[in-house]
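Asks: Model the structure of this input:
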Amino acid sequence: VALQPLADRLAVRLKQQTVLHADETPVQQLDPGAGKTKRAYLWAYRSNDLSGGPPIVVFDYQTSRSGNHARAFLQGWQGSLMVDGYGGYKALFGQGVTELGCWAHARRKFFDLHAASNKPHEMAAVALQRIGELYAIEAQAREQSPAERQALRQAEALPRLQALQAWLIQQRQQTTKTSGYGRALDYSIHRWEALSRYAQTGDLPIDNNAAESAIRPIALGRKNWLFTGSERAGRRAAAIQSLLATAKLNGLEPLAWLTATLERLPTWPNSRIDELLPLNSTTAS
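Replies: Residues are numbered from 1 along each chain as shown. Below is the predicted model of the structure:
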């Protein structure tokens, strides 16, 4: 309860950024009336590391995977949103929110196909090689400024993307719709505009790995804590996890930050609440 105002303010700070990542993961919640658990979801919203500013992750606990939850959390926000192919986000796009497609998800479709058989899939291997070239460019641009990264992407990534799109369409014309390879091709072809959008800029991400990394500790942790006791407990857990995960992203030791913050909170003026947020002082402003 004491930390909730900080979590709320962290969400406000997150939504001041114009490029965000979003993802969601299931958790179990006790359902006393039924004598068992039911499925709930932690939605994760993560800042974009290429845009500058402090890294922030905010978890939003909800009792379903309905896209209404994403729309409620992002109500009024405008910018570019990096997501996977889940349809719950679709209603956001075209209303001030631009969709960014995740190349890690597109690549995974071909990787799974390539690894599923004793005999590697030749065309899936070609797709993986071509996508790998896009990631090699990103590795080269990692330490560059946005302007330098944009120039490199336009010179190196855009031609490769154009060639890859033509190759995907050609492969699709020769592949049955119901095959695994056809479905892998369709994932990229149908999302091409969103997948290729990053290469036109220097500050948009190529994939949603930042959000997936934020969710990974939740996926590992739930094997230990198993379930939330109630919806209220889930919301409190989400608030605490938002603050501690953000502290780690900012290079702060979570327990040290938490101890110092709880000691200062009772007499701290609300007008200076930003000073208590777990943000590195060099990037917090």
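
Asks: what helix or strand is Gly251 on?
Replies: Assignment of secondary structure by DSSP states H and E places Gly251 within no helix or strand.

Asks: Not counting residues beside it along the chain, what's closest to it?
Replies: Asn280 (5.7 Å; C-beta to C-beta, 6 or more residues apart in numbering). Bear in mind the C-beta positions are built from the backbone N, C-alpha and C, glycine included.

Asks: chain center to stretch 219-234, what's the gap?
Replies: 21 Å (C-alpha atoms, centre = their mean, to the nearest Å).

Asks: still on that earlier bit, what's the neighbour count on the residue nearest to Gly251?
Replies: Residues within reach of Asn280, counting by other C-beta atoms under 10 Å, total 14.

Asks: Then Gln17?
Replies: Neighbours around Gln17, by other C-beta under 10 Å: 19.

Asks: That one: what's it in contact with?
Replies: With contacts defined as C-beta atoms under 8 Å, 6 or more residues apart in numbering, the neighbours of Gln17 are 47-48, 51, 53, 56, 79.

Asks: and of these, the nearest to Tyr181?
Replies: Asn48 (32.2 Å; C-beta to C-beta).

Asks: what bridges to the nearest residue to that closest one once chain neighbours are set aside?
Replies: Excluding its sequence neighbours, the residue lying closest to Asn48 (C-beta to C-beta, 6+ apart) is Val19, at 3.8 Å. Beta bridges link Val19 to Ser80 when assigned by DSSP bridges.

Asks: list the contacts for Val19?
Replies: Val19 makes contacts with 47-48, 50-51, 79-82, 100, 203-205, as judged by C-beta under 8 Å, 6+ apart.

Asks: if you look at the residues you listed, which of them are in strands?
Replies: 47, 79-82, 100 (DSSP state E).

Asks: Mind listing what's buried along stretch 14-25?
Replies: 14-15, 17, 19-25 (16 or more other C-beta atoms under 10 Å).

Asks: same thing with stretch 148-157?
Replies: By 16+ other C-beta under 10 Å, the buried positions in stretch 148-157 come out as 149-150, 152-153, 156-157.

Asks: Ok, stretch 231-245 next?
Replies: Buried-residue list, stretch 231-245, by 16+ other C-beta under 10 Å: 234-245.

Asks: do stretch 75-87 as well
Replies: 77, 79-84.

Asks: Stretch 35-44 now?
Replies: Within stretch 35-44, judged by 16+ other C-beta under 10 Å, the buried ones are 40-44.
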